[in-house]
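Novice: Sequence and predicted structure below; questions after.
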Amino acid sequence: MKLRALTNKILCKEMEKGELKSRGGIILINDDNSEQGIRPRWMQVISVGPEVHGISPDQWIMVEHGRWTHGMVMRDDKEEFTIWGAEEESVLLVADEKPEIERSASTAN
């Protein structure tokens, strides 16, 4: 299945969630479904609209907290995954590789 973003939209998958721990030992609480402790999230880009510049598919973007759509579960022949939409104005950082994110001991698998 080929998904294509329109205008200034960005389609993403693999949003990081849960409690995190910085390299310095600071714990960033799990703020999912919460009004407290909100923080931006990393997501992997799967498609960008024609008006988006400086961001390409397969890159990782950090999006301002709450500036993404509700996730929608999609299925193709190989897998089931969730996609989110974001706008270019909400992107804080761009990385070519998946950022190293350390999970805290209470959420590590």
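Specialist: Happy to help now that I have it. No experiment lies behind these values; they were computed from the predicted model shown.

Novice: tell me which residues form a beta bridge with the closest residue to His70 other than its chain neighbours?
Specialist: Spatial nearest neighbour of His70, excluding adjacent residues (Cβ to Cβ, 6 or more residues apart in numbering): Trp84 at 7.7 Å. Every C-beta, even on glycine, is put in place using the N, C-alpha and C of the backbone. Beta bridges link Trp84 to Cys12 when assigned by DSSP bridges.

Novice: right, and Trp84 touches Cys12 too?
Specialist: Yes: between Trp84 and Cys12 a contact is recorded at 5.0 Å, counting by Cβ atoms under 8 Å.

Novice: what about these two, which has more around it?
Specialist: Remark: of Trp84 and Cys12, Cys12 carries more neighbours, 27 against 19, as counted by other Cβ atoms under 10 Å.

Novice: who touches the residue nearest to His70 in this structure?
Specialist: Applying Cβ atoms under 8 Å, 6 or more residues apart in numbering to Trp84 gives the contacts Leu11, Cys12, Lys13, Met15, Met43, Trp68, Thr69, His70, Gly71, Met72.

Novice: hmm, try it at 10 Å
Specialist: For Trp84, the contacting residues are 10-15, 41, 43, 46, 63, 68-72, by Cβ atoms under 10 Å, 6 or more residues apart in numbering.
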